[in-house]
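> A predicted structure for the sequence below; I have some questions about it.
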Amino acid sequence: MIKKVVVAFLCMIIGSSLYARDDISTSKTFVGFEVGYAEVQGDRFGEQDFVGDYDIEFGIRIGAQRDQWRTTFIFDYYDSADNDQNIEKGYLTVDYFILEEESIIRPYIGLNVGYANYESTFIEDSGFLYGAQAGIVLNVAKKVNFDLGYRYSLSNADALDHIGSAILGVNYIF
């Protein structure tokens with residue numbers, strides 16, 4: 001548990017201090033939405049069976065980015081009627097861009113920390129999420145980019161083990 005709290009605080013400190021050393025006006029803010037295909041390992045019917053379930057998730061995002069760094073707040077929702085599982089997730093992600101801003105394709109790696117509410121038949125559990133992500137950003141226009149990535153998060157909730165998501169996001173930069 002101590003490791004999880006330390007990782008959460010470290011991500012918050014990094015995310016809030018990335019823009020402090022230079023003028024905040026040089027950051028580019030963005031809003032967007034995302035859709036993904038997620039694999040969820042969680043309990044159902046009050047048994048610790050950690051059934052794997054696959055379904056669509058969707059969410060909204062808001063953030064700021066600079067030449068090499070991006071910080072994003074994300075709210076995602078996952079609902080699988082087939083296996084009676086749904087999850088509301090809130091994330092803070094910090095990404096490092098590997099290539100320069102002028103590149104059309106910009107790979108990134110990053111960390112995520114957040115909180116999730118997991119519900120299934122006879123189960124309602126909440127807990128912290130922490131993990132990593134990697135992907136590429138495609139700069140398709142001056143104010144629009146696409147984000148293709150994979151996000152993997154572990155949970156400290158008793159009824160939720162992990163979530164892995166392939167994500168497609170669209171961001172409008174202003």
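Yep, it's here. Because the structure is a prediction, the values reported are computed rather than measured. Numbering: from 1, shown residues only.
> make it CA atoms for all contacts and neighbour counts henceforth
Noted.
> now the strands for the chain?
Taking DSSP state E as the criterion, the chain carries its strands at 28-44, 47-65, 69-80, 85-97, 105-120, 123-139, 144-155, 160-173.
> Adding mean neighbour count, write those out as TSV.
As requested, these are arranged in TSV below (neighbours: other C-alpha atoms under 10 Å):
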stretch	mean neighbour count
strand 28-44	20
strand 47-65	17
strand 69-80	20
strand 85-97	21
strand 105-120	21
strand 123-139	19
strand 144-155	20
strand 160-173	20
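> In terms of mean pLDDT, which of those ranks lowest?
Looking over the strands of the chain, mean pLDDT reaches its minimum on strand 47-65, with a mean of 85.
> angle of that one against strand 123-139?
Between the direction of strand 47-65 and that of strand 123-139, the angle (axes from the mean of the first three to the mean of the last three C-alpha atoms, to 10 degrees) works out to 40 degrees.
> what packs against strand 47-65?
strand 28-44, strand 69-80 (3 or more C-alpha pairs under 8 Å, 6 or more residues apart in numbering; DSSP states H and E).
> now the ones you listed as CSV including distance to Glu102?
As requested, those are exported to CSV (distance: least, C-alpha to C-alpha, whole Å):
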stretch, distance to Glu102
strand 28-44, 14
strand 69-80, 14
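> In contact with the residue nearest to Asn86 when sequence neighbours are not counted, which residues are there?
Taking C-alpha to C-alpha, 6 or more residues apart in numbering, and ignoring the residues beside it in sequence, Asn86 has Asp79 as its nearest neighbour in space, at 4.2 Å. If you count contacts by C-alpha atoms under 8 Å, 6 or more residues apart in numbering, Asp79 has them with Asp55, Ile56, Glu57, Gln85, Asn86, Ile87.
> can I get the residues you listed in CSV with distance to Thr121?
Supplementary listing: the contacts of Asp79 in CSV, determined by distance: C-alpha to C-alpha, whole Å:
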residue, distance to Thr121
Asp55, 17
Ile56, 19
Glu57, 19
Gln85, 8
Asn86, 10
Ile87, 13
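> wait, isn't Val137 in contact with Glu102?
No - here Val137 lies out of contact with Glu102, judged by C-alpha atoms under 8 Å, at a distance of 11.7 Å.
> quick revisit: nearest to Tyr96, of the contacts of Asp79?
Within these, distances to Tyr96 taken as C-alpha to C-alpha reach their minimum at Glu57, with 24.2 Å.
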